[in-house]
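**Q** show me how the following folds:
(one chain, ligands or ions: 1)
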Amino acid sequence: MAPHDVSRSYIPHEPFRFIGGHVAADLVNTVTWERAGLDRDRLSDYGRVVQWAEEAGVIDRAAAARLRAAALVRPAKAEKVYRASRHLRDVVQRLLRLAGTRILDTSEGERALADFNELLARALKRMRLDAPATSGHAPPDASTQEEANALAWNWEGADSRLDAPLWPVIWATAQLLASPDVAQLRVCEGVDCGWIYLDHSRNGLRRWCEMQTCGTREKSRRRAERQKAG
Ligand SMILES: [Zn+2]
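**A** The predicted structure is shown next:
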């Protein structure tokens, strides 16, 4: 497999796809994982990372606007976080692929897990609990006093740090890997695709990331083979 710090081509105007059933899979699916290397990369710069995070529901619109403005002031830092996002995507892809095939106890799996745990430790340093709504009023969605008294998970520096969108993705990935949903992880069977999804189909036999891309391609490939043979 070729190194994953650069891609062979970028498609910065192509819409993001959210077909993975989980934010970790959707991050993996921002690029095509060909044997010759990464291709058709939708994550072309920091701005696209922010856009992806917003569309994935990781950050809200206001946070995205703040991050875009902050990136203009600190372009070198934004570039660094862009590279960190690619690294995260690479680690998550290796981990989900291996977790889905239950071979995490190989040396490749151990390496992927060690790389991920390093990212997790750094992200968790930012996690904190905040007191319930400081205004003294219950939040509007709190139906009971108990809910109103509940503390809130937050990320320290979420408003200012350019790498803030990565932390919830890392945390969500950790939660996925520690859940029974791991058994539903699949890698698309399409040749040179590498997209990952949670198979929620009733019979558990979903084979493609998307029917209209890999599924169709595979069907026409088989048809051509049959015609050649016939
Ligand atoms: Zn596919």
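**Q** then stretch 66-76 to CSV, C-alphas only?
**A** Coordinates of each C-alpha in stretch 66-76 appear next as CSV, following Å, rounded to 0.1, in the frame of the first residue of the first chain:
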residue,chain,number,x,y,z
ARG,A,66,-15.3,30.4,14.0
LEU,A,67,-12.8,27.8,12.8
ARG,A,68,-12.8,29.1,9.2
ALA,A,69,-12.0,32.6,10.5
ALA,A,70,-9.3,31.3,12.9
ALA,A,71,-7.7,29.3,10.1
LEU,A,72,-7.3,32.5,8.0
VAL,A,73,-5.3,34.0,10.7
ARG,A,74,-3.2,30.9,11.3
PRO,A,75,-2.7,29.2,7.9
ALA,A,76,0.4,27.2,9.0
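**Q** residues of that stretch that come out buried?
**A** Neighbour-count burial for stretch 66-76, with 16 or more other CB atoms under 10 Å as criterion, is recorded at 66-67, 70-71. Bear in mind the C-beta positions are built from the backbone N, C-alpha and C, glycine included.
**Q** going by distance to the ion, which of those residues wins?
**A** Closest to the ion out of the buried residues of stretch 66-76 is Leu67 (30.1 Å), distances taken as CB to the ion.
**Q** burial check on the closest residue to the closest one other than its chain neighbours, number of neighbours?
**A** Distances taken as CB to CB, 6 or more residues apart in numbering put Val50 closest to Leu67, at 5.0 Å, once the chain neighbours are dropped. Other residues lying near Val50 total 27 when counted by other CB atoms under 10 Å.
**Q** my guess is Val50 is in a helix, correct?
**A** Yes. Judged by DSSP: H, G, I helix; E, B strand; the rest coil, Val50 forms part of a helix.
**Q** for this protein, give me the ranges with low pLDDT.
**A** 1-3, 102-104, 133-146 (pLDDT under 70).
**Q** how about the residues of it near the ion?
**A** Neighbours of the ion within the chain, by CB under 5 Å from the ion: 188, 190, 193, 195, 209, 214.
**Q** correct me, but the last one touches Arg206?
**A** In other words, Cys214. No. Between Cys214 and Arg206 there is no contact under CB atoms under 8 Å: 11.0 Å.
**Q** in which helix or strand does the residue most central in space within the chain reside?
**A** The centre of the chain sits closest to Leu27, judged by CA atoms, centre = their mean, with a distance of 2.5 Å. If you go by DSSP states H and E, Leu27 is part of helix 23-28.
**Q** buried ones in the longest helix seen in the chain?
**A** When the chain is parsed with DSSP state H, its longest helix is helix 75-100. For helix 75-100, burial by neighbour count (16+ other CB under 10 Å) applies to 78, 81-82, 84-86, 88-100.
**Q** give me the distance from it to the chain's centre.
**A** 9 Å (CA atoms, centre = their mean, to the nearest Å).
**Q** could you point out which element follows that helix?
**A** Following helix 75-100 in sequence, per DSSP H and E, is helix 107-124.
**Q** can you give me the buried ones in that following helix?
**A** Quick answer for helix 107-124 (16+ other CB under 10 Å): 109, 112-113, 115-116, 119-120, 123.
**Q** could I get those residues as TSV with distance to Asp45?
**A** Formatted as TSV, the buried residues of helix 107-124 follow (distance: CB to CB, whole Å):
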residue	distance to Asp45
Gly109	31
Ala112	26
Leu113	29
Asp115	23
Phe116	24
Leu119	21
Leu120	25
Ala123	22
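**Q** show me which of those residues is closest to Val6.
**A** The nearest member of the buried residues of helix 107-124 to Val6, counting by CB to CB, is Asp115 at 18.5 Å.
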